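Trainee: Build me a model:
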Amino acid sequence: MARVTKIIDGKAVAKQVNEATAKQVAELVAQGVQPGIAVIIVGEDPASQIYVRNKNRKATKLGMHSIVRQLPATTTQEELLAIIAEYNADDQIHGILVQSPLPKQINEPLITMAIDPQKDVDGFHPANVGKLVTNFPGHYPVANTPRGIMTMLKAYDVNPAGKTAVVIGRSTIVGKPMAALLTNANATVTVAHSRTRHLKAVAKTADILVVATGITHLISGEDIKPGATVIDVGMDRDENGKLTGDVDFDSAQGIAGLITPVPGGVGPMTIATLMQTTVELAKWSDRK
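Mentor: The predicted model follows:
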């Protein structure tokens, strides 16, 4: 008898997160604090423009103070650092995000370091990454895509404790923080990547498999452990230009226990979690 694979509905979970966020925004506004986010975009990258527009629209809809600072591709590093310093000092801004990628003349790690860790809504500042990796107690922002994935797992009653987790991809945006979150949740975690020998065999050991490589259909059904939870972070285009993921969704059917679709899985959770984090930064701010 074939297994029925359950689809993880990222849109539905994101809707629940956004409803809770809207309620918290209203409570903070009633106390005289309007959560504020500043998104800085340098240049005209089309994908970045779409992301930023979506973030701004969502923040405004949820009742936040939202600023989009559009800068030309010729912006110097010094100019960008000055703008970040301006928002670091602005009591109305609780979260600062500099949209990646940045033009060649700008040192991206330096820009990440320049953002006040208490306003680092992306959770990329080394101070916040260090707290995540050491499972430090207290409040600090965590990378939004991995955190959103943890929210989805909880919504579908997937408890990582005692499970074998494999994260394919080692970026600072998804792979590394994802591995840290799963480790903190008591999973046994393997981080794999393009240089991993016998990658597909490693993938097949996973009770929880997170794939974040940007390689279309890197993982197929035969690489998945029967009954595994599969999280596909990929946003790729197939040969027909159709949006697809790092996992071959069709061949995973009947093998995976749970799987995220592309689109409609991880994507909606990233923006919802970004909004959630902005509100938390406003709550935690000592500048109220």
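Trainee: When you work out contacts or count neighbours from here on, use the C-alpha atoms and nothing else.
Mentor: Noted.
Trainee: Can you give the strand pairings for the helix or strand bottoming out on mean pLDDT in the chain, parallel or anti for each?
Mentor: Sorting the helices and strands of the chain by mean pLDDT, DSSP states H and E puts strand 236-237 at the bottom, at a mean of 90. The pairing partners recorded for strand 236-237 under DSSP bridges are strand 243-244 (antiparallel).
Trainee: residues making contact with whichever helix or strand comes after the partner strand?
Mentor: Heading C-terminal from strand 243-244, the first helix or strand you meet, by DSSP states H and E, is helix 249-252. Applying C-alpha atoms under 8 Å, 6 or more residues apart in numbering, the contact partners of helix 249-252 are 220-222, 224, 261.
Trainee: Could you do stretch 95-105 as well?
Mentor: Here stretch 95-105 makes contact (C-alpha under 8 Å, 6+ apart) with 36-43, 48, 52, 73-74, 76-77, 84, 87-88, 108, 115, 118-122, 278, 281-282.
Trainee: Stretch 55-69 now?
Mentor: Contacts for stretch 55-69 (C-alpha under 8 Å, 6+ apart): 18, 21-22, 25-26, 34-41, 52, 92-93, 271, 275.
Trainee: same thing but 10 Å
Mentor: 18-26, 29, 33-42, 49, 51-53, 83, 92-98, 270-272, 274-276, 278-279 (C-alpha atoms under 10 Å, 6 or more residues apart in numbering).
Trainee: Okay, and which of those residues map to strands?
Mentor: Members of those lying in strands (criterion: DSSP state E): 36-42, 95-98.
Trainee: out of these, what pair is the most spread apart?
Mentor: Pairwise distances across the ones in strands among the contacts of stretch 55-69 (C-alpha to C-alpha) peak at 19.9 Å, for the pair 36 and 42.
Trainee: where does the chain have low pLDDT?
Mentor: Low-confidence segments of the chain (pLDDT under 70): 1-2, 286-288.
Trainee: what helices or strands is the lengthiest helix in the chain leaning on?
Mentor: Longest helix of the chain, by residue count under DSSP state H: helix 10-30. Contact analysis of helix 10-30 by 3 or more C-alpha pairs under 10 Å, 6 or more residues apart in numbering; DSSP states H and E lists helix 46-61, helix 144-155, helix 266-284 as its packing neighbours.
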